[in-house]
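K.L.:
Sequence plus the predicted model coming up.
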Amino acid sequence: MIAVLPISLGLIWGVLCGLIPLRFRNSFSVLGSLLQFLLATWILFQTKDGTIFSTQAGGWALPYGISFRLDLTSALMIWISSFLVLGTHFYSLATTPQSEEYRFFQPVWHLLTVGVYGSFSTADLFNLYVWFEILLLASFILMVIGGRLPQLRSNISYVLLNLLGSAVFLLGLAFLYNAAGTLNFVDLQGLPRANPHIAITAVCLLIAFGLKAAVFPLFAWLPSSYPNTPTAPLALFSGLLTKVGVYTLLRFFGSPSMLQFQGLNTLLLILASLTMLVGVYGAAQEITMKRIFSFHIVSQIGYMLLGIGIGSSLGLAACLFYLMHHMIVKTNLFLITGAIEAVEGHSRLKALGELASARPWLAASFAVSALSLAGLPPLSGFWAKLSVLFSTVHADSHLSPSVQIAAKVSLAIGLFVGLMTLYSMLKIWSDAFLKKQSGPHAVNTTNKVPLRFWIPITIFSLWTLALGIYPHWLFALCEAAAKQLLGQQIGGPL
Amino acid sequence: MTNLLLCFAFFVMISGGFFLILRKNLIHNLMGLGLLGNAVNLALLILGQRNPGLPPIMGEDQSTLSPFTADPVPQALILTAIVIGFGMISYFAAILHQGREDFTNQEEASAETENL
């Protein structure tokens, strides 16, 4: 029963949001996000000793029923997502007028979160496909609400590529069902490997999840569609959508299963390295803040993939911890960009300047988040990067030589990309915050940043600070979750 | 024989779908997506079938499904996939419709400024 609570709450609230009058809709909707956060916190406390909640939908037995399963990994992901959704939702109130044009905004917002929580809590691959489609459809709609031509145009490539990815996913499921006779993930773990159909399935799923996570050859949709999206949905997407892809990669390719094929780890490490490099180079040549940060999503995905590629419990824990850090920091950077756009009217680096003296608090929260993204101590990004790179150094000696070589190369690339990220952040800092600006682009100090922008930005900035100073409590949870994924016992109280 | 025909149909549909998706015309892309979705549904049918032609229906005295009937799971999957695919296609069509109005408005606006 508990396993379906987050989904049910989101669905019910989404429907209620569509029914109540427009005047109360926004505040009622945020109340739903708050409840969701409290529920997720409670579930996290229940699962942290290793308890697994599972439910068979409708009471149908396994080959026909759909099962939902909440373990520590799912609970952690749901918790951090609901934290992020709550902050972003509060922020979105300032940019969402209670008008007719936006009347479906709140229900669709809840539908998106339901899609995300559903992907985190399902144990059935076909059901995962359904949740993917739900969150895709919701993201399509949020992307174009209140939109104009450039938004529609970039939306089309996003829709086409993602639907193509879904088709590949479904094809993979067809092969999997033929070979294994089940789509339940717990059942799949017990089946033998080395079946030729499984290899086809694994590649299909790798393509589908990789596309979702914006991994190297399949990342092009992200920088082309994200920068044209309104800030509040954009911040939500940047925190949630690609991370759902990372989570599925973690669950289906990181933990031992029949989907793992020969050479998977090497392949993942190579893809991770290329993803990091491509993302950071793409960011280096962009000149608006939203575009720079969009490319940085791609490069940071590489780090998470690195942890999955190593495949040890440390690697998986590092990947999870990276997710915990990155989802909030990246979202916060987009929220800050949105605040700058709201007061300055744009986010082109050339025409910005002197924000550090004009808006010291915005500058401070930007500095905290940007340095955290680049991985400087004592912020959360430092520990996240450190643990991922540490796991590549300690790649188990039982891994094949090719994996070890790939791990060494990706370690070097990871360090280099960290440096490039810092360069990118310093470029923004010196251009937007320090540079003297006069004439038509002189800094505009009359516009105030609304309070609804301030609260989430401050909380998210404090999160990365706090996680930087006390990383241990969350890292211990991530380690326990990784051990659970690998099928080991979680020892002792946390 | 039936399987061979179905496989042939699958390949024709999937290559046609990809061909249409790679074209520049957005309406063609829309049709390509529909074709591709149906091709994948067909693949689910081909790969998931067991004892085709025998409906998966339980008698009143039975409590489990006999293994000599068709497998109901692929049928359920295909039904779900059809519904989802239909939703996606209609969303895409709506976006194209909306976009078309915007495109024509923009063309008219640029034509007007040229005339001035």
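P.N.:
Arrived safely.

K.L.:
Single out the residue in the stretch 51-200 of chain A that lies closest to chain B.
P.N.:
Going by CB to the nearest CB, chain B is nearest to A:Asn178 of the stretch 51-200 of chain A, at 3.8 Å. In this view, the C-beta of every residue, glycine as well, is placed from N, C-alpha and C.

K.L.:
burial count for that residue?
P.N.:
Here the number of neighbours of A:Asn178 (other CB atoms under 10 Å in any protein chain shown) works out to 19.

K.L.:
just A:Val417 next, same as before
P.N.:
By other CB under 10 Å, neighbour count at A:Val417 equals 26.

K.L.:
in which helix or strand would I find it?
P.N.:
helix A:401-428 (DSSP states H and E).

K.L.:
List the contacts of the spatially most central residue of chain A.
P.N.:
Central residue of chain A (CA atoms, centre = their mean): A:Lys243, 2.7 Å from the mean position. Applying CB atoms under 8 Å, 6 or more residues apart in numbering or on different chains, we find A:Lys243 in contact with A:77, A:81, A:213, A:323, A:326-327.

K.L.:
export the residues you listed to CSV and tack on pLDDT?
P.N.:
What follows is the contacts of A:Lys243, written out as CSV (pLDDT from 0 to 100):
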residue, pLDDT
A:Met77, 92
A:Ser81, 93
A:Ala213, 88
A:Leu323, 91
A:His326, 91
A:Met327, 91
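
K.L.:
Quick check: A:Glu310 touching A:Val393?
P.N.:
You called it Glu, but residue A:310 is Ile. No: using CB atoms under 8 Å, A:Ile310 is not in contact with A:Val393, being 9.8 Å away.

K.L.:
where does the chain have low pLDDT?
P.N.:
You didn't say which chain, so I picked chain A. Filtered on pLDDT under 70, chain A yields the residue ranges A:62-64, A:146-150, A:190-197, A:258, A:396-398, A:438-445, A:488-494.

K.L.:
not what I meant, chain B
P.N.:
Flagging of chain B using pLDDT under 70 yields the residue ranges B:63, B:101-116.

K.L.:
Give me every residue in it lying close to chain A.
P.N.:
Within chain B, the positions lying close to chain A (CB under 8 Å from any CB of the partner chain) are B:21, B:26, B:29, B:33, B:36-37, B:39-41, B:43-44, B:46-48, B:72-74, B:76-77, B:80-81, B:84, B:87-88, B:91-92, B:95-96, B:98-99, B:102-103, B:106.

K.L.:
Which of those residues fall within strands?
P.N.:
Applying DSSP state E to the residues of chain B next to chain A, no entry is found in strands.

K.L.:
Grab the most central residue of chain B for me.
P.N.:
Nearest to the mean C-alpha position of chain B, by CA atoms, centre = their mean, lies B:Gly37 at 2.6 Å.

K.L.:
residues in contact with that one?
P.N.:
If a contact means CB under 8 Å, 6+ apart, then B:Gly37 has A:163, A:167, B:81, B:85, B:88-89 as its contacts.

K.L.:
next one: A:Val108
P.N.:
A:Val108 makes contact with A:14, A:138, A:141-142, A:145, according to CB under 8 Å, 6+ apart.

K.L.:
Out of the residues of chain B next to chain A, which end up buried?
P.N.:
Taking 16 or more other CB atoms under 10 Å in any protein chain shown as the criterion, what is buried in the residues of chain B next to chain A is B:21, B:26, B:29, B:33, B:36-37, B:39-41, B:43-44, B:46-48, B:72-74, B:77, B:80-81, B:84, B:88, B:91-92, B:95-96, B:99, B:102.

K.L.:
Take those and keep only those in helices.
P.N.:
Those of those mapping onto helices are B:21, B:26, B:29, B:33, B:36-37, B:39-41, B:43-44, B:46-48, B:72-74, B:77, B:80-81, B:84, B:88, B:91-92, B:95-96, B:99, B:102, per DSSP state H.

K.L.:
So for the strand or helix carrying A:Thr337, what gets flagged as buried?
P.N.:
Element membership of A:Thr337, judged by DSSP H and E, is helix A:313-344. Judged by neighbour count using 16+ other CB under 10 Å, the buried positions of helix A:313-344 are A:313-344.

K.L.:
Could you pull up the residues touching A:Trp60?
P.N.:
If you count contacts by CB under 8 Å, 6+ apart, then A:Trp60 has A:Ile66 around it.

K.L.:
Report the spatially closest residue to the residue of chain B found nearest chain A, excluding sequence-adjacent ones.
P.N.:
Nearest to chain A in chain B, going by CB to the nearest CB, is B:Leu47, at a distance of 3.8 Å. Using CB to CB, 6 or more residues apart in numbering or on different chains and skipping the chain neighbours, the partner closest in space to B:Leu47 is A:Asn178 (3.8 Å).

K.L.:
just A:Thr331 next, same as before
P.N.:
Spatially, and ignoring its direct neighbours in sequence, A:Thr331 is nearest to A:Gly239 (3.9 Å; CB to CB, 6+ apart).

K.L.:
The one you found and A:Leu86 touch, don't they?
P.N.:
No: counting by CB under 8 Å, A:Gly239 sits too far from A:Leu86 to count as a contact (11.5 Å).

K.L.:
List just the nearest of the contacts of B:Gly37 to A:Leu5.
P.N.:
B:Ala81 (27.2 Å; CB to CB).

K.L.:
that older thread, what about A:Gly239 and A:Leu86, which has more around it?
P.N.:
A:Gly239 (29 against 22).

K.L.:
which element is the more buried one on?
P.N.:
Per DSSP H and E: A:Gly239 is located in helix A:231-249.

K.L.:
helices or strands up against the helix or strand that comes right after that helix?
P.N.:
Sequence-wise, the next helix or strand downstream of helix A:231-249 (DSSP H and E) is helix A:264-284. Packing partners of helix A:264-284 (3 or more CB pairs under 8 Å, 6 or more residues apart in numbering or on different chains; DSSP states H and E): helix A:289-310, helix A:401-428.

K.L.:
okay if I get those helices as a markdown table plus distance to chain B?
P.N.:
A markdown table is the format used below for the helices and strands packed on helix A:264-284 (distance: least, CB to the nearest CB, whole Å):
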| stretch | distance to chain B |
| --- | --- |
| helix A:289-310 | 21 |
| helix A:401-428 | 32 |
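
K.L.:
Now do the SS call for A:Leu44.
P.N.:
helix (DSSP: H, G, I helix; E, B strand; the rest coil).

K.L.:
For it, give me its contacts.
P.N.:
Listed by CB under 8 Å, 6+ apart, the contact set of A:Leu44 reads A:75-76, A:78-79.

K.L.:
same check, this time on A:Gln285
P.N.:
Contact partners of A:Gln285, counting by CB under 8 Å, 6+ apart, are absent.

K.L.:
Ramachandran angles for it?
P.N.:
Dihedral pair for A:Gln285: phi -100, psi 10, per degrees, to the nearest 10.

K.L.:
State the separation between stretch A:343-355 and the centre of the chain it belongs to.
P.N.:
Its chain's C-alpha centre and that of stretch A:343-355 lie 27 Å apart, by CA atoms, centre = their mean, to the nearest Å.

K.L.:
Dump it to PDB, keeping only the CA atoms.
P.N.:
The C-alpha trace of stretch A:343-355 is given here as PDB (Å, rounded to 0.1, in the frame of the first residue of the first chain):
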ATOM      1  CA  VAL A 343      14.900  41.800 -13.400                       C
ATOM      2  CA  GLU A 344      17.200  42.400 -16.400                       C
ATOM      3  CA  GLY A 345      14.900  41.100 -19.100                       C
ATOM      4  CA  HIS A 346      17.500  38.600 -20.600                       C
ATOM      5  CA  SER A 347      20.500  36.500 -19.700                       C
ATOM      6  CA  ARG A 348      23.000  37.300 -22.500                       C
ATOM      7  CA  LEU A 349      26.400  37.600 -20.900                       C
ATOM      8  CA  LYS A 350      27.500  40.400 -23.200                       C
ATOM      9  CA  ALA A 351      24.800  42.800 -22.100                       C
ATOM     10  CA  LEU A 352      24.900  41.900 -18.300                       C
ATOM     11  CA  GLY A 353      27.300  43.400 -15.800                       C
ATOM     12  CA  GLU A 354      27.900  44.700 -12.300                       C
ATOM     13  CA  LEU A 355      25.300  42.300 -10.800                       C
END
